[in-house]
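Q: Let me see the structure of the following:
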Amino acid sequence: MADEKKPQSIDPATLEMIEKAAKDGVSTVFERGAKMLPCPIGAEGSCCAHCAMGPCRIPLPRSKQETPEEHAKRRGVCGATSETIAARAFLRKIAAGTASHGDHGREVTKIFIEAAKGTIKDFAIKDEQKLLQLALELGVNIGNRSNNEIAVEVGEILMEDFGRQEGELVFIKRAPIKRQELWRKLGVVPRGIDREVAEALHRTHMGCDQDYQDLLLHGARTALADGWGGSMIATELQDILFGTPSPAASQINLGVLKEDEVNVIIHGHEPYVAEMMAVAAQDPELIAYAKSKGAKGINLSGMCCTANEILMRHGIPIAGNFLQQELAIVTGAVEAMVVDVQCIMQGLAQAASCYHTKLITTDKRTKIQGATHMEFDEHTAMDSAKAILRVAIENYPNRRAENVRIPKEKTDMIAGFSHETINYLLGGLFRASYRPLNDNIINGRIRGVAGVVGCNNIRVTHDDVHVTLVKELIKNDVLVLETGCAA
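A: Residues are numbered from 1 along each chain as shown. This is a model prediction of the structure:
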């Protein structure tokens with residue numbers, strides 16, 4: 001039936017907490033999403049708010065097929081066509097995403113360089129082999145030099161990619177040769193990460209690029225600056241600085257929260273915050289402090305992408321994904337939700353106000369009204385992490401037993417399959433190689449490898465799309481790699 005109401009989630013723990021939130025009178029993304037339908041004009045990309053003469057709305061006809069003549073007349077006041085308007089909006093979204101991942105990569109690179117120079121004391125090189133491999137790839141001399149000297153030069157080379165004005169990003173050469181040739185033919189090889197973001201905003205300004213195909217080509221260029229720039233730089237340097245992930249057993253879902261421990265959730269994308277929190281949570285003095293407040297210990301768990309970082313390196317469990325962030329607070333058992341940047345709903349502050357939970361922001365780029373701001377200083381990272389955990393511990397006595405309901409659902413899992421780990425599993429220590437995988441793709445036993453990534457969306461049943469897609473891929477002999485909230 002077309003009018004049949006879709007379930008809000010396929011996850012029993014999520015459904016249980018949606019019900020509890022309604023009973024407690026707490027607004028969540030699920031409730032707001034049900035009440036607020038998407039704007040139909042914006043949903044089809046037919047709304048433009050790029051200049052002061054608008055916003056212009058040029059919706060499609062609702063009751064009949066549009067004729068070419070009608071389509072030609074459907075324009076904004078400046079004459080922009082629906083294709084131009086939609087392409088501009090899409091390019092700006094790409095630019096925002098690339099800027100976010102680029103800024104993330106820049107912060108990691110800054111910390112990497114400072115740690116190598118010794119101006120940041122709480123972080124140090126953990127994966128020497130990967131450092132040396134990357135240095136050789138970048139043409140850095142590794143003879144008779146310390147790891148820190150090599151790391152400084154590696155970091156400075158990669159830092160140049162953010163502000164580079166001409167040429168190509170250094171990691172573009174990692175792509176298959178034919179793919180590089182195609183990108184160069186189309187003129188979409190990124191020059192610099194910030195360079196492409198700035199040009200994207202310029203192109204989409206009033207009266208600039210008005211050819212939707214040209215706009216989309218620059219969208220491809222900007223997206224490549226993300227994947228082969230900010231994201232790849234962050235991945236490489238995080239592995240060197242915090243350790244390359246290897247398979248780790250852990251658990252996932254809201255059931256990882258504990259009734260008798262101080263529950264602290266790390267949420268966001270900056271791994272240096274989560275990394276230091278993971279170390280600080282093992283501090284005997286803090287554990288003793290938690291016990292002095294009546295708790296049995298400190299239970300750290302992750303949310304969203306930061307969760308994947310500490311899961312893969314420390315085996316710390318994941319409490320949930322993007323659409324479960326408010327529901328974690330609804331359990332009534334979370335002493336602190338510690339957030340940094342990206343994917344953090346402002347609704348967390350409203351949810352936290354209904355319980356004893358402290359919402360703590362840690363990054364100068366992400367502040368939320370109603371939250372407690374405790375800026376994380378990478379130069380005194382351990383002190384910052386301990387201070388945050390003390391606030392959470394001191395909040396434990398404020399927990400009200402009548403508000404607590406932790407779902408039972410949690411699932412065992414193994415994660416941490418990095419490129420290096422897969423190489424080792426397929427070929428061993430001395431013959432690490434993708435050869436066995438390649439051979440089985442060539443002979444048809446495996447039909448390929450699919451990457452399934454990204455967030456949940458309130459407009460479809462929570463988790464259903466990802467799970468259904470992955471099941472179908474596996475059923476058809478396709479290996480699946482997952483990351484992000486899809487994982």
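
Q: and residue 279, what is it in contact with?
A: By C-beta atoms under 8 Å, 6 or more residues apart in numbering, residue 279 lies in contact with 382, 385. Quick note: C-beta positions are derived from backbone N, CA and C, even for glycine.

Q: Shouldn't it be within a strand?
A: No - read with DSSP: H, G, I helix; E, B strand; the rest coil, residue 279 is helix and lies in no strand.

Q: can you tell me how far it sits from residue 362?
A: 15 Å (C-beta to C-beta, to the nearest Å).

Q: per-residue confidence for the residue minimising distance to the centre of the chain?
A: A centroid search over the chain (C-alpha atoms, centre = their mean) returns residue 305, at 4.4 Å, as the residue closest to the centre. The confidence metric pLDDT takes the value 86 at residue 305.

Q: How is it assigned, secondary-structure-wise?
A: What three-state DSSP gives for residue 305 is helix.

Q: For stretch 186-193, what is the distance to the chain centroid?
A: With C-alpha atoms, centre = their mean, to the nearest Å as the basis, stretch 186-193 stands 23 Å off its chain's centre.

Q: Just the terminal-to-terminal distance for that stretch.
A: Using C-alpha to C-alpha, to the nearest Å, one end of stretch 186-193 lies 18 Å from the other.

Q: List the buried residues in that stretch.
A: By neighbour count, with 16 or more other C-beta atoms under 10 Å as the criterion, the buried positions of stretch 186-193 are 188-193.

Q: all helices of the stretch 351-487 of the chain, in order?
A: Ranges of helices in the stretch 351-487 of the chain, per DSSP state H, counting those that start in this stretch, are 381-395, 419-427, 435-442, 464-475.

Q: ok, of those, where does mean pLDDT dip lowest?
A: Averaging pLDDT over each of those singles out helix 419-427 as the lowest, with a mean of 86.

Q: Buried residues in that one, which are they?
A: In helix 419-427, counting by 16+ other C-beta under 10 Å, buried: 420-421, 423-424.

Q: other SSEs contacting it?
A: On a contact count with 3 or more C-beta pairs under 8 Å, 6 or more residues apart in numbering; DSSP states H and E, helix 419-427 meets helix 435-442.

Q: Buried ones in the helix it packs on, by neighbour count?
A: For helix 435-442, the neighbour count (16+ other C-beta under 10 Å) marks 437, 441 as buried.

Q: Please work out which residues outside it touch it.
A: So helix 435-442 is contacted by 426-427, 446-449, 479 (C-beta under 8 Å, 6+ apart).

Q: which of these count as buried?
A: residue 446.

Q: now, the most widely separated pair of the contacts of helix 435-442?
A: The two members of these with the most space between them (C-beta to C-beta) are 427 and 447, at 21.6 Å.

Q: export the buried residues of stretch 186-193 to TSV and tack on distance to residue 37, pLDDT and secondary structure?
A: Output for the buried residues of stretch 186-193, formatted as TSV (distance: C-beta to C-beta, whole Å; pLDDT from 0 to 100; DSSP: H, G, I helix; E, B strand; the rest coil):
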residue	distance to residue 37	pLDDT	secondary structure
188	36	98	coil
189	41	98	coil
190	37	98	coil
191	41	98	coil
192	40	98	coil
193	36	98	helix
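
Q: Which of those sits closest to residue 240?
A: Closest approach to residue 240 among the buried residues of stretch 186-193 (C-beta to C-beta): residue 193, at 19.4 Å.

Q: Do I have it right that the closest one meets residue 229?
A: Yes - at 4.2 Å, residue 193 counts as touching residue 229 under the criterion of C-beta atoms under 8 Å.

Q: which stretches of the protein form strands?
A: Counting by DSSP state E, the chain has strands at residues 47-48, 56-57, 248-252, 262-267, 298-303, 318-320, 336-339, 358-361, 372-373, 411-415, 448-452, 478-482.

Q: what would these look like in JSON lines with distance to residue 24?
A: Below are the strands of the chain laid out as JSON lines (distance: least, C-beta to C-beta, whole Å):
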{"stretch": "strand 47-48", "distance to residue 24": "36"}
{"stretch": "strand 56-57", "distance to residue 24": "39"}
{"stretch": "strand 248-252", "distance to residue 24": "24"}
{"stretch": "strand 262-267", "distance to residue 24": "18"}
{"stretch": "strand 298-303", "distance to residue 24": "20"}
{"stretch": "strand 318-320", "distance to residue 24": "18"}
{"stretch": "strand 336-339", "distance to residue 24": "17"}
{"stretch": "strand 358-361", "distance to residue 24": "17"}
{"stretch": "strand 372-373", "distance to residue 24": "22"}
{"stretch": "strand 411-415", "distance to residue 24": "26"}
{"stretch": "strand 448-452", "distance to residue 24": "34"}
{"stretch": "strand 478-482", "distance to residue 24": "32"}
